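Trainee: just need the structure, nothing else, for what follows:
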Amino acid sequence: MKPKTLKITYWVVVSLFCLANFASGIAELMPPSEQAMAMITMLGYPLYFYMILGASKILGSIAVIQTKYKTIKEWAYAGFAIDYISASLSFAFVKGPMFAIAFPLIFLAVLFWAYFLGKKVDMLKS
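Mentor: Numbering: from 1, shown residues only. Down below sits the predicted model:
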């Protein structure tokens, strides 16, 4: 892949990833719907956990999109990976629908794609 194409691909993937997580975070900071409350309760989490996830997704999205602090970006990627793996396992443990188990793993795949594209872009700089 050409360097310019690599950079464009990286920024498109990271931007869409962060936009989706930022929007999800905003939604989770709003008062939860009946469906969201039922899901959180089904998983066995307290309702305030929904707001913690929302704030974490917003802060994580900002950390991933910024370019100055590499360590914070790495921790944000790790946090998102833990979030997606935990979400998938949570649904699996309560025997939730297959879609709910698989969906976080799709986001995990996009996360890895963005992370490794970022590493390739960083190698171009050095």
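Trainee: how about the helices in this protein?
Mentor: 3-29, 34-43, 48-65, 70-93, 98-125 (DSSP state H).
Trainee: in a markdown table: those helices, plus mean pLDDT.
Mentor: Shown next, in a markdown table, are these (pLDDT from 0 to 100):
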| stretch | mean pLDDT |
| --- | --- |
| helix 3-29 | 95 |
| helix 34-43 | 91 |
| helix 48-65 | 96 |
| helix 70-93 | 97 |
| helix 98-125 | 95 |
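Trainee: same list (these) but as TSV, adding mean neighbour count.
Mentor: For the C-beta atoms, the positions are set from N, CA and C on the backbone; glycine is no exception. As requested, the helices of the chain are arranged in TSV below (neighbours: other CB atoms under 10 Å):
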stretch	mean neighbour count
helix 3-29	16
helix 34-43	13
helix 48-65	18
helix 70-93	16
helix 98-125	15
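Trainee: okay, Tyr45 and Ile52: tell me how far apart.
Mentor: 9 Å (CB to CB, to the nearest Å).
Trainee: quick check: closest non-adjacent residue to Met1.
Mentor: Thr9 (7.2 Å; CB to CB, 6 or more residues apart in numbering).
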